[in-house]
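# sequence unknown, structure follows:
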């Protein structure tokens with residue numbers, strides 16, 4: 001009977017050892033899945049970080065371009081205004097000069113006589 005009990009204990013121990021092996025195997029599989037998932041999350045974070053950095057850089061450059069465009073527009077408007085003032089001054093001078101010469105050079109018109 002001692003042998004039967006010993007064999008029974010060995011069978012129970014063997015069964016327990018086999019039962020623990022799948023648990024360790026499951027734990028290793030879960031650990032591997034978690035590590036793979038963490039690697040994927042890390043890769044996603046790096047991708048998002050790169051996208052955010054690119055977006056920030058584009059926003060910064062857009063702001064600079066807008067500032068330059070506004071400055072160019074302001075300079076252009078100032079130049080247009082300056083040229084318009086000069087043109088108006090020239091127009092006044094010409095009309096003023098024309099007015100004097102026309103007033104001085106006008107002679108009364110004589111009616112034309114037809115010579116047939």
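It's in. Keep in mind that this is a model prediction, so the values were computed, not measured.
# Mind pulling up the pLDDT for residue 96?
What the model reports for residue 96 is a pLDDT of 78.
# just residue 103 next, same as before
50.
# now do residue 25
For residue 25, pLDDT reads 83.
# ok, now how distant is it from residue 32?
Distance of residue 25 to residue 32, given as Cβ to Cβ, to the nearest Å: 11 Å. From N, CA and C alone the C-beta is placed, and that goes for glycine too.
# what do you get for residue 85?
From residue 85 across to residue 32, the span is 80 Å (Cβ to Cβ).
# before we move on, what about residue 74?
Taken as Cβ to Cβ, the span from residue 74 to residue 32 is 63 Å.
# what does residue 47 give?
According to Cβ to Cβ, residue 47 and residue 32 sit 23 Å apart.
# One more: residue 75?
Residue 75 sits 65 Å away from residue 32, going by Cβ to Cβ.
# All the helices of the chain, in order from the start?
Taking DSSP state H, the helices of the chain run over residues 2-105.
# for it, what are the low-confidence residue spans?
1-8, 10-23, 99-116 (pLDDT under 70).
# switch to 50 and redo it
21 (pLDDT under 50).
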